[in-house]
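Peer 1: Following is a predicted model, sequence given first.
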Amino acid sequence: MTDHLARLNPAQRAAATAAAPVLVLAGAGSGKTETLIRRVAGLILGGEAPDRLLCITFTAKAAGEMRGRLLALLGPERTPRWVGTFHAVMARLLIEDGGGVPGLPRGFAILGQGDARELLMQAGGLRDAKAAGLLQEAVSLLKNGLVADPRRLPRSGAVARFEPEVLAQAAALLPAYQTALAGRQALDFDDLIARPVLAMQADPALAAHWSSRWAEILVDEYQDTNHAQHALVRLLAGQPGRVFAVGDDLQAIYGWRGADVGHIRRFRKDYKAAPAPLKLETNYRSTPTILRAANAVAAEDPEALPKLLRPADPAAPPGAAIVIREVPTPEDDGRAALAWVQALRRRLPELPWRECAVLVRAGFVAEPILAALRQASVPVRLVTDREPEPPKEVLATVAWLRLAMSRGDGGRWDPAADDAFRRACAFPARGIGGALFGRLREHAAAGGLALAQAVATLPATPKERQGLEAVLGVAGEIAAGVARRRLGPADALRLAAEASEIAERLAPGGRPGQAWAAMLQAAAEAGSVAAYCDGAALGAMPGEAEATDAVQVMTLHRAKGLEFDHVLLAGLEEGVWPHWQAEQQGAIAEERRLFYVGVTRARHTLQLGWVRQRRDWAGKPSRFLAEIPKALLQGAAAPRPSRAGTAPARPVTPPSQAETDRLVAEFAARQAARAARAAR
Ligand code: ATP
Ligand code: MG
């Protein structure tokens, strides 16, 4: 057996080596991501060209981690380049090989959410930013549904979130918005997927061309693909389907954005040659107590496909009981969270801060907790659904390095770095205006050249030429310095910062300085300058201050796929979690799956907190608390309002083996009954 598979259990190994098309449908912490990574390593060690594998992850952070793991297994030469989110890999494909997409501007810009909203407001003559935000989401839903007419939207939990008038208004606005984007030579995030899918659907030759680039498409978190992403995978995978997908229907939490868990359930309809979904039943992440809680929550899901989480070591001690903590006010919640972290650190002095995570359903729940932690000088890192982009100083420095490294041996510039060239021209500002850049674009497109390559032959005034050539000159200096001094990625970045004269703006202290420190640390782990540039091109950049060890405070949607030693789920009140709108929209099941995701992030201990009174509104404990078997709770504290404040710290009675078996059997019976009902 080859080494890279030695770590896997037999079911994982079978999955890692099965012939595509394959779907691995398995519970949290069962090693789906691990198996996917090992499969990639196996294919490459078996002789597959790294560039022929396309690995799609759900977040840029997950992509960064995956690339790091592959690097460790394969070394820099053999680590695949195409590891990224749907958006990132498609951005790269369009930049490198987007010629076949009608109307796609060369060197196009990609608008962030904020810029895109502004453009939408301009195009529609809108004033109210909040209303525009809602319209932007509706536009996004249409694009992800690949339709212009809301009546043709594919079924998903998201449609119910919008009033029909809002969807109609979004549809009416769409043409003007697309025209405005074209005017800016820009794509928004959703276009990165919708445009290529529509182009492939209209042009089978393009589909065949792109699809032939990859030997296999590997997709993590397949349960959360939306209509456009699903169509994209199908087009690229071809038939019978060069696709390896892993996912867990119980962790489908993006229905509100148009994801359809049906894609995972209907995998064999899409790929007729696929065997029945492969299962992994052993959980390597959590204590038996946490797994039993997760199984009990899962059993309440009316639609989930039957599956059970079992501890890898059946003889493992059950682990700490789960604590439900009830406090009177949000301020008390902050104090309690602080006490939780401090107690953990007292008990385990070696515990890194980052192994403690506070996960919340909504940002406002995190605020008093952040305040209390910060006041006590506990380092915290807040990760919200809208991950902030690194500051422009840092992005530009990375772009300078990418541009510098994009010149081939023959002296030709690579069009894959067109976006880096655009950014380098824009920062630090050198007066290279939009009109000049537009001419350069046209000139490059006419000659089929990289933007940087087209500078030499562009008809331009001496001053214009000077500006553009200065950029290329600096890039040349950086490239020469990297080569001569054989710099590693972090030093190469430092050189790029100095040569481009951005360095002075990256002084420690400010926001750019912090992000810069994180960027250097991430670069140091990249192995080689080329590997680093590849990752950066796919947007796998660390967020702010990721390099520092800190308690992680994040929304559930961000915590997907991650794991922590100790987890506190906060704000478990009716109306907050489940969210009050979920009831109206029939989305309670998705709220429960969020709870399941939260519970299954924890390795060792789990606390569940709820607040009796937020502002003038008296809370009730979340219904999900009652779904955790009492035997698993510390002091068997029932989640019922009481005067007691925090739950009593009575000694834990670990659930017995007999108790475990009984619960598991009960669970299996409930699942089987449900499956039988579903089959009728
Ligand atoms: P999620 O559904 O939360 O994304 P997952 O199924 O992707 O979970 P992984 O993150 O791949 O699970 O694995 C969970 C943990 O178990 C990781 O720490 C991983 O390193 C470990 N693990 C996976 N397989 C094995 C194995 N065969 N032996 C030991 N540890 C393993
Ligand atoms: Mg995973």
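Peer 2: Perfect, thanks for sending it. Ligands and ions are numbered 1, 2, ... in the order given.
Peer 1: Those residues of this protein touching ligand 2, which are they?
Peer 2: Neighbours of ligand 2 within the chain, by CB under 5 Å from the ion: 32, 33, 561. Using the backbone N, CA and C atoms, a C-beta is placed for each residue, glycine as well.
Peer 1: Flag the least confident of these.
Peer 2: Lowest-confidence member of the residues of the chain next to ligand 2: residue 561, scoring 92 (pLDDT).
Peer 1: tell me the contacts of the residue lying closest to it once chain neighbours are set aside?
Peer 2: Nearest non-adjacent residue to residue 561, counting by CB to CB, 6 or more residues apart in numbering: residue 62, 5.4 Å away. Counting by CB atoms under 8 Å, 6 or more residues apart in numbering, residue 62 makes contact with 33, 220, 560, 561.
Peer 1: Can I get those in CSV including distance to ligand 1?
Peer 2: Output for these, formatted as CSV (distance: CB to the nearest ligand atom, whole Å):
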residue, distance to ligand 1
33, 3
220, 7
560, 7
561, 4
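Peer 1: Check these and tell me the two furthest apart.
Peer 2: Within the contacts of residue 62, 33 and 560 form the most distant pair, 10.6 Å apart (CB to CB).
Peer 1: returning to that earlier point: which of the contacts of residue 62 has the largest number of neighbours?
Peer 2: Ranked by the number of neighbours (other CB atoms under 10 Å), those place residue 220 first, at 24 neighbours.
Peer 1: quick one: contacts for it?
Peer 2: Taking CB under 8 Å, 6+ apart, we find residue 220 in contact with 32, 33, 36, 55, 56, 57, 58, 62, 66, 246, 247, 561.
Peer 1: Other residues contacting stretch 206-217?
Peer 2: By CB under 8 Å, 6+ apart, stretch 206-217 touches 20, 43, 48-49, 52-54, 56, 82, 93, 97, 100-101, 196, 199-201, 233, 235-238, 242-244.
Peer 1: Could you tell me how far the closest residue to residue 109 other than its chain neighbours is located from residue 111?
Peer 2: Nearest non-adjacent residue to residue 109, counting by CB to CB, 6+ apart: residue 186, 4.3 Å away. According to CB to CB, to the nearest Å, residue 186 stands 5 Å off from residue 111.
Peer 1: quick check, nearest of the contacts of residue 62 to residue 8?
Peer 2: The closest of the contacts of residue 62, once distances to residue 8 are taken by CB to CB, is residue 33, at 12.3 Å.
Peer 1: who does the helix or strand that the closest one is a member of touch, helix- and strand-wise?
Peer 2: Per DSSP states H and E, residue 33 falls inside helix 32-45. The contact analysis (3 or more CB pairs under 8 Å, 6 or more residues apart in numbering; DSSP states H and E) places helix 32-45 against helix 3-6, helix 10-17, strand 22-25, strand 53-57, helix 60-74, strand 216-219, strand 243-247.
Peer 1: swap the cut-off to 7 Å and go again
Peer 2: For helix 32-45, the elements it packs on are helix 3-6, helix 10-17, strand 53-57, helix 60-74, strand 216-219, strand 243-247, judged by 3 or more CB pairs under 7 Å, 6 or more residues apart in numbering; DSSP states H and E.
Peer 1: Listing partners with orientation, what would you give for the last one?
Peer 2: Sheet pairing here is set by DSSP bridges, and for strand 243-247 it gives strand 22-25 (parallel), strand 216-219 (parallel).
Peer 1: Restricting to C-alpha, output the last one in CSV.
Peer 2: If I follow you right, that is strand 216-219. Extracted in CSV, the C-alpha atoms of strand 216-219 (Å, rounded to 0.1, in the frame of the first residue of the first chain):
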residue,chain,number,x,y,z
GLU,A,216,-10.9,15.0,-12.8
ILE,A,217,-13.0,17.6,-11.0
LEU,A,218,-12.9,17.1,-7.2
VAL,A,219,-15.5,19.0,-5.2
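Peer 1: Just give me how far it sits from the chain centre.
Peer 2: Relative to its chain's centre, strand 216-219 lies at 16 Å (CA atoms, centre = their mean, to the nearest Å).
Peer 1: Could you pull up the mean pLDDT of that strand?
Peer 2: Computed over strand 216-219, the average pLDDT equals 98.
Peer 1: which residues make contact with the helix or strand following it from outside it?
Peer 2: Once the chain leaves strand 216-219, the next helix or strand it forms, by DSSP H and E, is helix 227-237. If you take CB atoms under 7 Å, 6 or more residues apart in numbering as the criterion, helix 227-237 is touched by 86, 144-146, 154, 193-194, 197, 200, 207, 210-211, 214, 217, 219, 225, 243, 258, 260, 263, 270.
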